[in-house]
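**Q** This is a predicted model, with the sequence first.
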Amino acid sequence: MYDFTYHRPKSVADAVKLLKDKPEARAMSGGMTLIPTLKQRLARPSDVVDLGAVKELSGIKIEGANVVIGGMTKHADVATSADVKAAIPALAHLAGHIGDPQVRNRGTIGGSVANNDPAADYPGAVVALNATVTTNSRKIPADEFFKGLFETALADGELITSISFPKAEKAAYMKFPNPASRYAMVGVFVAKTASGVRVAVTGAGGCVFRVKAMEDALAKNFSSAAIKDINIPADGLNSDIHGSAEYRAHLVGVMARRAVDAANK
Amino acid sequence: MTAATGIGARVLRTEDKRFLTGTGRYVDDLPLARATYAYFLRSPHAHAKIKKLDISAAAKMSGVVNIFTGKDLVDAKVGGLICGWVVKDKHGEPHKAPPHPVMAVDTVRYVGDTVAMVVANSYDEAKDAAEAIKVDYDVQPANIDLAKSFDKGAPQVHPEAPGNLIYDWEIGVKADVEAAFAKAAHVTKLDLINNRLIPNAMEPRAAAAEYDKGTGNYTLWSTSQNPHVLRLILSAFVLGIPEHKLRVVAPDVGGGFGSKIFCYADETMVCWAASRVGRPIKWTAERSESFQTDCHGRDHVTHAELALDKDGKFLALKVETIANMGAYLSTFSTAVPTYLYATLLAGQYTTPLIYANVKAALTHTAPVDAYRGAGRPEATFVVESIVSKAAAEMKIDPAELRRKNFIPSTAFPYQTPVALQYDSGNYPPIIDEAMKMADYKGFEARRAEAKSRGKLRGIGFSSYIEACGLAPSQVVGSLGAGVGQWESAQIKFNPTGNVQVMTGAHSHGQSHETTFAQIIHDKLGVPMDQIEIVHGDTATTPFGMGSYGSRSLAVGGSAIVKATEKIIAKGKKVAAHLMEAAVADVEFENGTFKVTGTDKNVPLAQVVFAAYVPHNYPLAEVEPGMDENAFYDPANFVYPAGTQICELEIDPDTGTTEIVNFTAIDDFGNIINPMIVEGQVHGGIVQGVGQALMEGAVYDKSTGQLISGSYMDYTMPRADNFPSFKLGYKVTPCPHNPLGVKGCGEAGAIASPAAVMNAVHNALAPVGVKHVEMPATPLNVWQSIKGAQRQAAE
Ligand SMILES: Cc1cc2nc3c(=O)[nH]c(=O)nc-3n(C[C@H](O)[C@H](O)[C@H](O)COP(=O)(O)OP(=O)(O)OC[C@H]3O[C@@H](n4cnc5c(N)ncnc54)[C@H](O)[C@@H]3O)c2cc1C
């Protein structure tokens, strides 16, 4: 790890100011991605702005038809929240299957979504549920948030303060974990919400993506039979020692059907 | 002795108290005043010439104390690292022995090869400086693909081994085997790869060293499984520090699995540099360094053929193997695919004729050496895979085919055609018990039920034998070993009656502090809490050979028993004097000396006290003190054997395999502590299942980069991958050691890959899959199913 200056602001405003003032500064929530990156000397921030003391960033609230989760909320808190379990059980289930207990008790929804690891689980939920990402300066709809491999719509120094998930009529997440890392090798989130049916795929490509053909078929008939003949092209999907693009494409179909079945249970 | 804590009792582990409360003391925990920290610059290339190595900028950086390169070692006339086992090829020539410089001089030969050592006031400063070292590499093509290593035009690893061939070795008479094949009713052929593994001990390798200028003494703390052997190698071959001036300490060590047997560059450098730097040096590998530089295991490409008569009797076996040595020959690398592999190819069977040919190849990858089981898992995988395949081809029940060919219990000692003489065993009751426990009869019903859920269920056997308890010194000496393989023990009573037991074995997870204390308690009646087992320090323990090859109890435990016998013999003389009786009339039982047929008695503690305060003592006949040494050289290897049955379910939609039942019945001879043995078996099975389903070291075939270089890509088995294991024992005591024990440390890992893969093949046979290589990952299984479907469609 290279040396850096450590800050622990108490408010979003102070955190944003620090990040704006120091162009080489990085925000840190749980440090689950940032710390290993620093330890491997893959990043060299001048300053690290620890969001741990920013109280306003944590917590889960029900606001009308939405579940609003603060950016610093830990995976373990989402997984065990009675509100989340009641409103969108699939989201609690997703959070409960991220990493291991240590990771779930440090890692945060804001950090995960801001990082936009192609194999992360949360982006699937954000897109499928058509959530809205709220930052210190604006609201960003899910479809505009994830831009590509580790890329998001966030500007430098912009912080995710919360994410608002519309309640779902039906929803489920099926994850095929990478055998080694247990990140999503393919994760499919299907949801039927007020804004329609969405199928979001994470892990398989460079960035979370939707499968329109499945969404259209499911909108007509929300059953796994409706999508059983829909094949995903392997072109452009990730390929590595754990899964070829062809295998991932196949798994998208399997996981999507299983997710629909689970959502119908 | 009392059943509660003596031999056979499930005594909780003494060492767990400190391990579970975080008070163990590992190498990295050492507080050394004025310590410096080392960081090793590693090669980023699999094969390159070093055109220029410039440390000038790095040397000026803050906190840097010293930087060493390969050239400094040449100038100081430091020797190379050695391979301690000379294997003679089929023409009687010793194997090729290319030099293994401690740090690269002009060429790097694998990703991770050591290029420079930076010593600084802090670890981060050492790392900063390493980044400032400028190396100008001329990258060369690399030989990565083992199967193609001997091809014309394959990149050459060392000029001293033309064609990348270290040896072409054989055992058995080829012509006799061929003749038997000519008469066979059935021949089963099998091509397989024994996948390369990375050991992943929980504690990474670490070293620390200190030089005392006043005395000229060096102390090296190292995560070694065999501190005396490490000292011997460093003294006699590499650094030239006289043995009596070098103390090697291996304190608490967090797992080894073989990878900490060997003498590595890092600890050698830390030790050597300590006197040059004039301050203590500390080094602990980062996990990525462990992946790249710990010796890897396995890595064979094999073709095997089994000849059977029409009833399924084995007539002959022939095996051709290419074994990967990596870029340099590590300490015991040459022995692993020869004497620890081909000698096991008889398995539990009466196969009368066996021929094996092994070619060892150099590649531009990390050195490969012994890893839990070392050669025996590879042999068992060949034998047990081909036997199950033959059973399937001949439509004979796999258990039946095994039984038909088992060595009968009346045939021991049994001379195999591949050099070993099995001392004892009784295999049929083992497989019977395993089949009962696994409910083999009910399997077809379970398979049908699984099918109704869309799952492919399979069952697989592995009836293994292994030779461990290394080893009769004269036997291994005649085969090329550079060391003896006895073990030592010293029992040192203190005047107040408690006892320190020094063992040359080393515990890095094997629970010696408990098991060995149980032996002492059993034999001498000393309460468990009055016994201290001391190991891992050349300054306090007698010379010992360390722990590997499941030898600690069979050889080290036997040495302890011999030492207890000496204590008892001496004690009898003292007791006879104290009780005014004849020595011949004194007997020893439950910690007390008695005069036969009387109620006269004197406890051992009192005898010990008399020995240290010899006021009333037979000084004319007996020396004072109660301190005995013993060395034990075994008469033979020991031969644990058993049967494992694995039952699993495959999800054909995803290729995922789930183990649903796992049964292991073992014959480990007498058992000192069943709980500890179960722990060893559990860990062994898990490691073997890891090899079968998950683990695989993957190098990029062209660049030689280690793709599976972290836990993001190297799949370790985890607790939730397993059901509860069903374990059981059958006992045929070892006839030639005083405890009647065999080894249990490696058996689980030796047997389980074949059990799992036979089950995988059994599950996939109905969908037309012929062969799946290890690791049978979801991708691999799914592709195999798809391949079979495509073939069926054509
Ligand atoms: C062993 C392990 C296993 C894991 N397994 C999984 C898994 O199965 N599935 C999965 O989805 N994830 C997994 N993760 C990732 C984990 O879910 C973390 O959420 C993720 O690493 C982000 O970590 P963090 O929340 O601690 O953020 P940090 O590491 O602190 O930050 C990550 C990045 O986000 C930025 N950032 C942090 N907070 C904010 C914010 N509020 N606004 C804007 N930018 C911000 C930081 O500057 C940094 O660039 C795993 C991680 C580990 C270490």
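**A** Noted; the coordinates are in hand.
**Q** ok, the residue of the stretch 251-400 of chain B found nearest the ligand - contacts?
**A** Nearest residue of the stretch 251-400 of chain B to the ligand (Cβ to the nearest ligand atom) works out as B:Arg287 at 12.3 Å. Placement of C-beta: from N, CA and C, glycine included. With contact set as Cβ atoms under 8 Å, 6 or more residues apart in numbering or on different chains, B:Arg287 has these partners: B:204, B:710-711.
**Q** Which residues of chain A lie near chain B?
**A** Neighbours of chain B within chain A, by Cβ under 8 Å from any Cβ of the partner chain: A:1-2, A:40-41, A:176, A:178-181, A:240-244, A:247, A:250-251, A:254.
**Q** from those, which ones fall inside helices?
**A** Members of these lying in helices (criterion: DSSP state H): A:247, A:250-251, A:254.
**Q** Among the residues you listed, which pair sits farthest apart?
**A** A:Tyr247 and A:Val254 (10.3 Å; Cβ to Cβ).
**Q** Quick check: B:Thr596 vs B:Lys566, distance?
**A** The gap separating B:Thr596 from B:Lys566 is 21 Å, by Cβ to Cβ, to the nearest Å.
**Q** Which residues are in contact with the closest residue to chain A within chain B?
**A** For chain B, the residue closest to chain A is B:Thr715, as judged by Cβ to the nearest Cβ, at 4.1 Å. Counting by Cβ under 8 Å, 6+ apart, B:Thr715 touches A:179-180, B:690, B:694-696, B:775, B:777.
**Q** That one looks like it's in a strand, true?
**A** No. Judged by DSSP: H, G, I helix; E, B strand; the rest coil, B:Thr715 forms no part of a strand; its state is coil.
**Q** B:Thr592: neighbouring residues, count only.
**A** 16 (other Cβ atoms under 10 Å in any protein chain shown).
**Q** Compare B:Thr596 and B:Lys566 and say which is more crowded by neighbours.
**A** Neighbour totals were compared for B:Thr596 and B:Lys566, and B:Lys566 leads with 16 against 11 (other Cβ under 10 Å).
**Q** So A:Ala120 belongs to a helix, correct?
**A** No. Applying three-state DSSP, one finds A:Ala120 to be coil, outside a helix.
**Q** From the structure, what's the count of residues near it?
**A** A:Ala120 has 23 nearby residues by other Cβ under 10 Å.
**Q** ok, now B:Asn200?
**A** Neighbours of B:Asn200 using other Cβ under 10 Å come to 19.
**Q** Report the buried members of the residues of chain A next to chain B.
**A** For these, a burial check counting by 16 or more other Cβ atoms under 10 Å in any protein chain shown picks out A:176, A:178-181, A:241-244, A:247, A:250-251, A:254.
**Q** wait, which of those residues is closest to the ligand?
**A** A:Ser181 (6.5 Å).
**Q** Might you report the residue contacts of that closest one?
**A** A:119, B:711-713.
**Q** Go again with 7 Å.
**A** Contacts for A:Ser181 were tallied using Cβ atoms under 7 Å, 6 or more residues apart in numbering or on different chains; they are B:711-712.
**Q** Outline the domain layout of the chain.
**A** As the question left the chain open, I've gone with chain A. A:1-53, A:170-263 (automatic domain parsing).
**Q** Chain B, not that one
**A** With automatic domain parsing as the reference, chain B has domains B:16-22+B:486-632, B:33-140+B:211-251+B:264-278, B:392-468+B:637-793.
**Q** Tabulate the ones you listed in a markdown table, adding columns for distance to A:Gly64.
**A** Formatted as a markdown table, the domains of chain B follow (distance: least, Cβ to Cβ, whole Å):
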| stretch | distance to A:Gly64 |
| --- | --- |
| domain B:16-22+B:486-632 | 49 |
| domain B:33-140+B:211-251+B:264-278 | 51 |
| domain B:392-468+B:637-793 | 39 |
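**Q** Wait, B:Leu190 touches B:Ser385, no?
**A** Yes. Between B:Leu190 and B:Ser385 there is a contact under Cβ atoms under 7 Å: 6.1 Å.
**Q** Neighbour count: the two, which is higher?
**A** More crowded of B:Leu190 and B:Ser385, by other Cβ under 10 Å: B:Ser385, with 25 against 18.
**Q** can I assume the more buried one is in contact with B:Lys189?
**A** No. In this structure, B:Ser385 is not within contact of B:Lys189 by Cβ under 7 Å, at 11.5 Å.
**Q** Nearest residue to residue 59 in space, please, no chain neighbours.
**A** In the absence of a named chain, this looks at chain A. Nearest-residue entry for A:Gly59: A:Gly70, 4.7 Å, with adjacent residues in sequence omitted and distances by Cβ to Cβ, 6 or more residues apart in numbering or on different chains.
**Q** actually chain B
**A** Per Cβ to Cβ, 6+ apart, closest to B:Ala59 is B:Ile67, 5.4 Å.
**Q** Appreciated, that's everything.
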